[in-house]
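Peer 1: what follows is a protein structure lacking sequence information:
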């Protein structure tokens, strides 16, 4: 992931929310769980997860189930970056 992709997360609110949700949760979550927690549609979450996976920020564990890839220390860095 390069700086342009990270900058793109500033503009992609649903991707940012989904990424932070997974980071804060610390484990695997499926699309429905994320959608319920964030108040988004499952379709919006699936699109965000697809894009986050493409950017190598999340790993696909199984169909519709993902986990944060980069480690818990980055949560504070991401929060500061997106302010």
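Peer 2: Yes, it's here. Since the model is a prediction, treat every value here as computed from it, not as a measurement. Residues are numbered from 1 along each chain as shown.
Peer 1: ranges for the helices of this protein?
Peer 2: 3-11, 13-25, 31-38, 42-54, 74-81 (DSSP state H).
Peer 1: comparing these by mean pLDDT, which bottoms out?
Peer 2: For these, the weakest mean pLDDT is recorded on helix 3-11, namely a mean of 61.
Peer 1: coming back round to it: any chance of a markdown table for the helices of the chain, columns mean neighbour count and distance to residue 65?
Peer 2: Quick note: C-beta positions are derived from backbone N, CA and C, even for glycine. Formatted as a markdown table, these follow (neighbours: other C-beta atoms under 10 Å; distance: least, C-beta to C-beta, whole Å):
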| stretch | mean neighbour count | distance to residue 65 |
| --- | --- | --- |
| helix 3-11 | 12 | 21 |
| helix 13-25 | 19 | 11 |
| helix 31-38 | 17 | 8 |
| helix 42-54 | 18 | 9 |
| helix 74-81 | 13 | 20 |
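Peer 1: wait, which of these is closest to residue 68?
Peer 2: Proximity to residue 68 (C-beta to C-beta) singles out helix 13-25 among the helices of the chain, at 4.2 Å.
Peer 1: angle of the closest one against helix 31-38?
Peer 2: In terms of direction (axes from the mean of the first three to the mean of the last three C-alpha atoms, to 10 degrees), helix 13-25 departs from helix 31-38 by 100 degrees.
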